[in-house]
Structure formats: structure tokens, C-alpha cells
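Student: Pasting a predicted model and its sequence here:
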Amino acid sequence: MARKEEELKAPETEPAEGWLDERLNWKRFRAKYLRKAFPVHLSFFWGEIALFSFVILILTGILLALTYEPSAQLVELDGNQVPAAYASVVQNDRTPLGLLVRQVHHWSAHLMIAAAILHLLRIFFTGLYKNPREINWLVGLALLVLSVFASFSGYLLPYDAFSVTATGIGYHIARAVPWIGSELANFVFAGKFPDAGMIPRFYAYHVILIPLLLMGLITLHLLILFKQKHSLTPSAHAIVGSRKILGVPLWPQQALLMAVLFTILLGSLFAVSGLFPVHPVAYYGPPEPATPVVKPDWYLLWLYGALKLIPTWFDVEMFGTTFNPENMGGVILPFLVLTLLVLLPFLDRARTPVHVMEPSGTHPVRTSVGVVAIALFLVLMLAAYNEELGISLEMLRVGAVLVPLLTGGLTYLSLRQSESQRDMTKVMDEQE
Ligand code: HEM
């Protein structure tokens with residue numbers, strides 16, 4: 001016990017901290033938690049950017065909720081009868097700063113998903129999903145999926161022509177889930193699409209259910225991170241040579257770095273939102289029988305592309321259900337990708353705990369698999385815009401096989417070659 005006390009010995013309390021110390025044992029708290037070392041490496045910022053985007057989403061979301069009306073009841077706007085939800089968003093855009101806040105909210109959602117994907121790629125390419133971080137990898141996957149659902153549930157809320165069409169695509173995908181499709185769609189969409197009862201249901205998902213789940217899972221993610229400590233870059237490990245972390249203490253250095261990052265992020269989001277409008281509700285207008293052409297956001301384009309590439313004649317009856325392009329692209333493919341990601345830490349296992357990032361250059365198989373996946377995703381995203389780009393679907397089908405195989409194969413060969421060169425240099429060094 002005495003040793004433990006000594007280990008936790010903190011720097012002298014500042015006079016200003018005395019008041020807090022008397023009441024909350026601040027000095028001990030500071031020694032135990034605020035001295036935690038944080039590595040200073042740019043790649044660690046992606047997780048933080050995802051976290052800060054979420055904070056900005058909550059703050060701007062609270063402001064938007066002050067004027068939003070979750071109802072499809074018809075009200076008058078500029079002499080026309082339109083749904084109340086649509087009218088409240090148009091009115092919000094007309095109030096000073098209202099449009100800016102909505103734009104920042106929308107751009108933050110894109111940023112959170114982009115940062116989470118880049119964060120996932122860092123973890124993947126450095127092998128940090130392995131023992132002991134398997135649980136945090138799974139929690140992270142749940143966070144990414146929930147972030148996508150948060151965006152999707154938000155799309156319906158303005159209830160303009162775009163939102164209703166985009167939500168309709170989600171409804172049809174839910175219906176295409178084998179065996180339980182219609183029950184699932186009816187449950188999630190509170191009745192048959194596009195029933196007016198959908199708006200309050202989606203509002204509850206968007207402002208209560210999903211944010212609470214995200215908050216809980218982010219807290220769990222960070223608690224696990226605190227318990228297991230950060231990973232180390234190979235160069236940091238070469239300096240400290242143990243399980244110690246080379247970095248700066250949480251208070252005040254890391255806290256200051258985070259404050260700077262948050263400020264830069266917020267400023268950039270305001271600048272981007274001022275310059276580039278996103279989802280102009282009044283431009284789409286209220287829902288009409290004629291639906292606009294809607295493509296999913298960039299992070300779901302690969303599914304839309306896959307849907308186009310699967311031949312329309314594909315229709316197989318099996319196990320009491322039908323498999324067709326709609327459920328292959330919209331349900332089976334994302335399910336397979338997610339299953340592979342869930343299984344990854346158990347397929348590529350490490351017997352002893354991995355705390356040092358494994359450089360992607362020294363792991364040819366994993367790096368090539370990652371390159372194959374990225375190449376395939378990019379080709380599928382191109383397929384989503386094949387008409388606009390003037391590329392035929394036949395060519396893209398060939399590309400979806402050849403491009404990943406070629407890029408993955410070349411990556412593997414070049415990494416193996418540099419590996420054997422490294423081995424030769426090592427042998428020569430040993431001989432000298
Ligand atoms: C929206 C979501 C997410 C947020 C807010 C978030 C937040 C964070 C933060 C702040 C860190 C510490 C800094 C860092 O290592 O980058 C971290 C670490 C980690 N995250 Fe996430 N994350 C999210 C999604 C994900 C995803 C999608 C995965 C993987 C599937 C993941 C897996 C991990 C792992 C394994 C660590 C520990 C890395 C280490 O020890 O260096 N996270 N996360």
C-alpha cells in the first residue's frame with residue numbers, strides 16, 4: 001500500500017488547486033489519471049477527430065432541435081401546404097446563422113465517418129486489432145456502423161423530396177433482408193413507407209437512441225484504451241524499450257493539443273460550411289410524386305455500385321427466400337464485409353500481446369489484402385457513377401476483378417522483395 005502511494009506521488013499542488021484538493025482529493029486524482037501519457041503522433045489524431053466531430057454534432061444538433069418540428073402535418077409556407085418538418089427546416093435556413101449551423105451539422109457527420117474510416121485503416125494496417133485490442137476493435141466497428149445509421153436517420157428529418165426518396169431506398173433495402181424483410185421494414189419504419197408516423201420514429205432514433213448508444217460505446221472505447229494504454233510506434237518503442245508510453249501527460253500538454261485540434265476542426269468546418277452548401281432543402285422542395293435522382297453519400301456508394309454490377313438476371317430461390325441484385329448488393333454484401341471485419345482479430349491472431357505498431361511494409365499478406373479491399377471499394381464507387389463517367393458496366397465488372405488482383409499482387413511482390421533485401425543486408429551485417 002505504501003509503495004502504491006509512493007508510485008502515485010504527484011508534483012506539488014499549485015496554490016490555486018488547494019481548494020479543490022481539500023474537497024476532492026484533487027492531487028491524488030491528478031497523479032492517478034491526469035499524468036497519463038499520450039503519444040504524440042499524427043496517426044493518433046483520426047480517433048480524436050472522429051470524437052470531436054461527434055461533440056460538434058451534438059452541439060449543433062441541440063441548436064437545430066430548438067426549431068425543428070418532427071411532424072408531417074400540413075402547414076402553410078409561402079402560400080403552399082407543406083409538411084411541418086419541411087417548413088421548420090426552411091424557416092431555420094432563413095434565420096440568421098440557422099443555415100450555417102445546419103451546414104456545420106451535416107459536414108461534421110461526413111467528417112466523423114471519414115475520420116472513423118481512416119482510424120480503422122490505421123488500426124488495420126498496423127495490426128492493432130490483435131490481442132489484446134480485439135474488444136476495442138469490435139466496439140470500434142459498432143461505432144462506425146452506428147455513425148452511418150445516425151446519418152441515415154438524419155436524412156429523413158427535413159422531409160424534402162430528396163430525403164423521402166433516400167429513405168425509400170433504405171426502406172426497400174430493409175424489405176430485401178432475407179426471411180424477415182417485411183417485418184423488419186415495418187418495425188423500423190413505424191408502418192409502411194412513407195407513412196407520416198415515420199418522422200417521430202426517426203426523430204427518436206436520431207436524437208435519442210443512436211446518440212445515447214454512441215455516447216455509451218465511445219465511453220467504453222476510451223475506458224478500454226485507458227486500461228490497455230496506447231500502442232507505441234516502433235521508433236518510440238526503440239527509445240523507451242518497454243510497455244511505457246513515450247508521449248506527453250494528459251494534463252496540461254495533451255489537453256492543450258486537443259483544444260488546438262478541436263479549434264482548428266471547428267474553424268475548418270465553419271469555413272467549409274460557409275463555402276460549400278450541403279443538402280439544400282429548399283432546392284429539392286417538399287415531397288412530390290416525381291422523385292429526384294438520388295445517389296447515396298460517398299461512404300455507401302460502393303454498395304450502390306455493387307448493386308449495379310450484379311447482373312439483373314441474377315435471381316436465385318434458396319432456403320425459402322429469393323436472392324436478387326437488390327438484397328445481394330444492399331444486404332448480403334455489407335453483411336459479408338462486416339462479418340469479415342468482426343472475425344479479423346480471431347483469424348489473424350497473436351499469442352502474445354501486441355503493443356508496438358507492426359509496420360505495414362513488414363506484413364506483406366495483410367497489407368496486400370488491405371490494398372485489394374481498397375481497390376475493390378474504389379472500383380465499386382466508380383460503378384455508382386458509371387453513366388456520368390461514360391464507363392460501361394461490362395468494363396467495370398472486369399475492372400472489379402482485375403484492378404484489385406493487380407494492385408494487391410504488385411503490393412505483395414514488392415513487399416516480399418524488400419523483405420528479402422532486408423534479410424540479405426542482415427546476413428551481410430552479421431558476417432561483417
Ligand atoms: C466513431 C467512432 C470512433 C471514435 C470516436 C474513436 C475514438 C478513438 C480514440 C480517441 C482513440 C485513441 C487515439 C487513437 O488511437 O487513435 C481510439 C483508439 C482505438 N480505436 Fe477508435 N474510435 C472510433 C472508431 C473506431 C473504429 C471504426 C475502430 C476499428 C474497427 C476503432 C478501433 C480502435 C482501437 C483498436 C484503438 C486502440 C489503438 C491504440 O491503442 O493505439 N475505433 N479510438
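Tutor: On my side now, so go ahead.
Student: And Val75, its phi and psi?
Tutor: Main-chain dihedrals, Val75, degrees, to the nearest 10: phi -130, psi 170.
Student: what about it, distance to the ligand?
Tutor: Separation of Val75 from the ligand (C-beta to the nearest ligand atom, to the nearest Å): 36 Å. Quick note: C-beta positions are derived from backbone N, CA and C, even for glycine.
Student: burial count for the closest residue to the ligand within the stretch 201-350 of the chain?
Tutor: Proximity of the stretch 201-350 of the chain to the ligand (C-beta to the nearest ligand atom) peaks at Ser231, 3.5 Å away. For Ser231, the count of nearby residues is 24 (other C-beta atoms under 10 Å).
Student: contacting residues for it?
Tutor: Pro39, Thr126, Leu128, Arg133, Val354, His355, Val356, Met357 (C-beta atoms under 8 Å, 6 or more residues apart in numbering).
Student: what's the closest non-adjacent residue to the first one?
Tutor: Spelled out, it's Pro39. Gly247 (4.1 Å; C-beta to C-beta, 6 or more residues apart in numbering).
Student: I'd say the one you found and Ala37 touch.
Tutor: Yes: the criterion here is C-beta atoms under 8 Å, and Gly247 meets it with Ala37 at 4.3 Å.
Student: Overlap in contacts, those two.
Tutor: With C-beta under 8 Å, 6+ apart, Gly247 and Ala37 have common neighbours His230.
Student: circling back to that earlier point, so which of the contacts of Ser231 belong to strands?
Tutor: Using DSSP state E, no member of those sits in strands.
Student: Just name the closest of those to Ile391, please.
Tutor: For these, the closest approach to Ile391 (C-beta to C-beta) belongs to Thr126, at 34.2 Å.
Student: Can you name the residues in contact with stretch 111-127?
Tutor: By C-beta under 8 Å, 6+ apart, stretch 111-127 touches 43, 46-47, 49-50, 53-54, 57, 128-129, 133, 137, 140-141, 143-144, 147-148, 151, 231, 265, 269, 299, 344, 348, 350, 354, 357-360, 363, 366-367, 370.
Student: avg pLDDT for it?
Tutor: For stretch 111-127, the mean per-residue pLDDT is 98.
Student: Establish whether it and the ligand are in contact.
Tutor: Yes: with C-beta under 6 Å from any ligand atom as the criterion, the ligand is reached by stretch 111-127 at Met112, Ala116, His119, Leu120, Ile123.
Student: would TSV of those residues with secondary structure and neighbour count be doable?
Tutor: Listed next are the residues of stretch 111-127 next to the ligand as TSV, based on DSSP: H, G, I helix; E, B strand; the rest coil; neighbours: other C-beta atoms under 10 Å:
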residue	secondary structure	neighbour count
Met112	helix	26
Ala116	helix	26
His119	helix	22
Leu120	helix	20
Ile123	helix	21
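Student: Just the closest of those to Pro194, please.
Tutor: The shortest gap between Pro194 and any of the residues of stretch 111-127 next to the ligand belongs to Met112, at 27.2 Å (C-beta to C-beta).
Student: List buried residues within the contacts of stretch 111-127.
Tutor: Buried members of those, counted by 16 or more other C-beta atoms under 10 Å: 43, 46-47, 49-50, 53-54, 57, 128-129, 133, 137, 140-141, 143-144, 147-148, 151, 231, 265, 269, 299, 344, 354, 357-358, 360, 363, 366-367, 370.
Student: Which ones among those map onto strands?
Tutor: Judged by DSSP E, strands contain none of those.
Student: Just the ones of those in helices?
Tutor: Cross-referencing those against helices under DSSP state H gives 46-47, 49-50, 53-54, 57, 137, 140-141, 143-144, 147-148, 151, 265, 269, 344, 366-367, 370.
Student: just the helices in the stretch 151-300 of the chain please.
Tutor: Secondary structure of the stretch 151-300 of the chain (DSSP state H, counting those that start in this stretch): helices at 161-175, 181-188, 198-204, 210-228, 234-240, 255-275, 281-284.
Student: Give me every residue in this structure lying close to the ligand.
Tutor: Counting by C-beta under 6 Å from any ligand atom, the chain sits next to the ligand at 44, 46-48, 50-51, 54, 112, 116, 119-120, 123, 128, 133, 136-137, 140-141, 143-144, 147, 218, 221, 225, 230-231.
Student: so where's the stretch 151-300 of the chain shaky on pLDDT?
Tutor: For the stretch 151-300 of the chain, the stretches with pLDDT under 70 are 192.
Student: Taking the stretch 51-200 of the chain, what residue is nearest to the ligand?
Tutor: In the stretch 51-200 of the chain, the residue that lies nearest the ligand is Gly140 (2.1 Å; C-beta to the nearest ligand atom).
Student: ok, that residue touching Ile218?
Tutor: No: assessed by C-beta under 8 Å, Gly140 is found out of contact with Ile218, at 9.9 Å.
Student: Now for Leu405, how many residues are close by?
Tutor: Other residues lying near Leu405 total 13 when counted by other C-beta under 10 Å.
Student: what packs against the helix or strand that contains Gln421?
Tutor: Assigned by DSSP states H and E, Gln421 belongs to helix 393-431. Secondary-structure packing of helix 393-431 (3 or more C-beta pairs under 8 Å, 6 or more residues apart in numbering; DSSP states H and E): helix 301-309, helix 364-384.
Student: Going by neighbour count, which residues of the longest one are buried?
Tutor: Across helix 364-384, burial judged by 16+ other C-beta under 10 Å covers 364, 366-373, 375-384.
Student: Now do it against helix 301-309, angle only.
Tutor: 70 degrees (axes from the mean of the first three to the mean of the last three C-alpha atoms, to 10 degrees).
Student: Could I get the buried residue list for the helix or strand just after helix 364-384?
Tutor: Using DSSP H and E, the helix or strand that follows helix 364-384 in sequence is helix 386-389. For helix 386-389, the neighbour count (16+ other C-beta under 10 Å) marks Asn386 as buried.
Student: What separation do you get for Leu396 and the ligand?
Tutor: Taking C-beta to the nearest ligand atom, one finds Leu396 at 28 Å from the ligand.
Student: hang on, isn't that residue packed against Leu376?
Tutor: No: with contact defined as C-beta under 8 Å, Leu396 does not reach Leu376; the gap is 11.4 Å.
Student: Could you tell me which residues make contact with Pro249?
Tutor: Taking C-beta under 8 Å, 6+ apart, one finds Leu34, Arg35, Lys36, Ala37, Phe38 in contact with Pro249.
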